[in-house]
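Have a look at this fold, sequence not included:
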């Protein structure tokens, strides 16, 4: 009887032992898998001396060519993997999004400055709520309600360029184009988020957003802050003689706090007076009602800041790149204008509209927009991800907690996908039947919009807004203006460092294509109600004493 009882027990124990053996063997094999190749690290500090301090995407691309599509480095024990191909990025960050959607601990930007409260760095319930808010107001099925705002502000942008041209500002002031683009992008996003129409070129809220985004780019630059690799340094007091990052963080935190609080308080003040224009913030506050919780108000406030700060910077970079490309590649400009003239000739008194895009009347212009995003991606290294559990890819071990940097620059410069990547060539996105390079639709390379705005659950929620604004701005600008180099001051392909990269300031000549085009620009603004005290002067937008709401 005893033997009959002991027999099954021994078999159970044996089965458990075998299972433990197999598990240990599996874990041992996983642990024995090699890390992806990369520069040889030094003891303790790893590759900290190899990490670039500026324009890191160029060094990462050099490593891709030397080591392959996935490169491993480390810094003080923190593993980092740099993805240099669309295939690797999509297979990990998209296909395994649940595992790869976490954000790393960025002490300088998130904890000391405060950017950790924004949507781009959240990874919890608040993140999901913010995305739900964004999709409900400016998502793919909602963004078209703001088309009229984009069209109106773009027409005013054309009028400003026309006056600048008459005064020679575009030809003599290197940063003039960038300033005009930045103002217009800021004006559009402010109206969408807060129902606020800027009062002047030097509007305080636009300047505040510009200042914050410059600081954001510096705070999030990979490898720029030792405290990101040695978090205990955050506890060093600001009065200590050496760690200047503490004082910098305090100043930047104050700027960010103003960006969050000032426009939000403006909306609440308007709502109390019953004078609130339609906006992202107003719609959400009204939906929550008088019983809104502190958590809901906090989430709405930071969701609006996330969309405003991001939308007012990335679109600026892309549109500024468009002007640079038109100067450097005049043949592209000429072909796009010929296509535009076939459906909206400025001599006939009409500008292109979003309906032209919906009807598919401008395939070359559509390809041009794609090429702008590919030729100079607005965020060349994106924002880093963090893997939440150990993974395996192509026989390599991806350690738990590894930082994942998608080097978007390498993905747009892959010669096997985009031949002649340094050349601005919209034809790469068209079939031969439409005057392009590809035999069939299947040969058309991946649309850059599939990866330049992020991956997986981290894809930018304002993608549709950015895409529509870029399209209408390019269409209207090429419809009425010719853009060319200033003899002796031809611009080069030169970009700034930072998470969002911008063309370095340049000059160019922007002239109305004809007298009828000039008159069309003036008429296009005649039916737009200008904000009170907003006057067009020789310097563009004039200054008023008080902000004006629309």
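Done, it's in. Treat the numbers as computed from the prediction; the structure is a model and nothing was measured. Residues are numbered from 1 along each chain as shown.

Strands of this protein, start to end?
For the chain, strands defined by DSSP state E occupy the ranges 70-75, 78-83, 196-197, 385-386, 391-393, 396-398, 403-406, 481-484, 509-512, 536-537, 540-541, 548-549.

how about these, which one is nearest residue 349?
strand 509-512 (13.7 Å; Cβ to Cβ). For every residue, glycine as well, the C-beta is placed using N, CA and C.

Which neighbouring elements make contact with that closest one?
In this structure, strand 509-512 packs against helix 147-167, helix 169-172, strand 481-484, with contacts taken as 3 or more Cβ pairs under 8 Å, 6 or more residues apart in numbering; DSSP states H and E.

Show the model's pLDDT score for the nearest residue to residue 184 once chain neighbours are set aside.
Counting by Cβ to Cβ, 6 or more residues apart in numbering, residue 184 lies nearest to residue 157, which is 4.3 Å off, once chain neighbours are set aside. Listed pLDDT for residue 157 reads 92.

who touches residue 157 in this structure?
180, 181, 184, 473, 477 (Cβ atoms under 8 Å, 6 or more residues apart in numbering).

contacting residues for the third one?
When the contact criterion is Cβ under 8 Å, 6+ apart, the partners of residue 184 are 153, 154, 156, 157, 473.

per-residue confidence at residue 21?
So, for residue 21, pLDDT stands at 54.

if we can go back for a sec, out of the helices and strands packed on strand 509-512, nearest to residue 62?
Among these, if distance is taken as Cβ to Cβ, the winner is strand 481-484, at 32.8 Å.

Mean neighbour count, the strands of the chain: which tops it?
strand 403-406 (a mean of 26; mean count of other Cβ atoms under 10 Å).

returning to that earlier point: including distance to residue 313, could the helices and strands packed on strand 509-512 go into a markdown table?
Converted to a markdown table, these look like this (distance: least, Cβ to Cβ, whole Å):
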| stretch | distance to residue 313 |
| --- | --- |
| helix 147-167 | 16 |
| helix 169-172 | 22 |
| strand 481-484 | 22 |
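
Pull out the buried residues from stretch 451-467.
By neighbour count on 16 or more other Cβ atoms under 10 Å, the buried set for stretch 451-467 is 451-467.

Just the ones of these in helices?
463, 464, 465, 466, 467 (DSSP state H).

pretty sure the third one is in contact with residue 308, am I right?
No - between residue 465 and residue 308 there is no contact, the gap being 11.0 Å when judged by Cβ atoms under 8 Å.

Overlap in contacts, these two.
Joint contacts of residue 465 and residue 308 (Cβ under 8 Å, 6+ apart) are residue 189.

avg pLDDT for stretch 442-450?
Here the average pLDDT along stretch 442-450 is 94.

quick one: contacts of it?
By Cβ under 8 Å, 6+ apart, stretch 442-450 touches 86, 370, 373-374, 377, 412, 417-418, 428-431, 436, 438, 463, 467.

Tell me where the stretch 251-400 of the chain has helices.
For the stretch 251-400 of the chain, the helices defined by DSSP state H, counting those that start in this stretch cover 280-288, 294-328, 330-341, 354-358, 363-375.

Compute the distance from the centre of the last one to the centre of its chain.
Which is helix 363-375. 16 Å (Cα atoms, centre = their mean, to the nearest Å).

packing partners for that helix?
Packed next to helix 363-375, using 3+ Cβ pairs under 8 Å, 6+ apart, are helix 294-328, helix 330-341, helix 463-480.

mind running it again at 10 Å?
helix 294-328, helix 330-341, helix 354-358, helix 408-412, helix 463-480 (3 or more Cβ pairs under 10 Å, 6 or more residues apart in numbering; DSSP states H and E).

Dump the ones in helices among the buried residues of stretch 451-467 to a markdown table, plus pLDDT and distance to residue 511.
Output for those, formatted as a markdown table (pLDDT from 0 to 100; distance: Cβ to Cβ, whole Å):
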| residue | pLDDT | distance to residue 511 |
| --- | --- | --- |
| 463 | 83 | 33 |
| 464 | 84 | 32 |
| 465 | 83 | 30 |
| 466 | 87 | 28 |
| 467 | 90 | 28 |
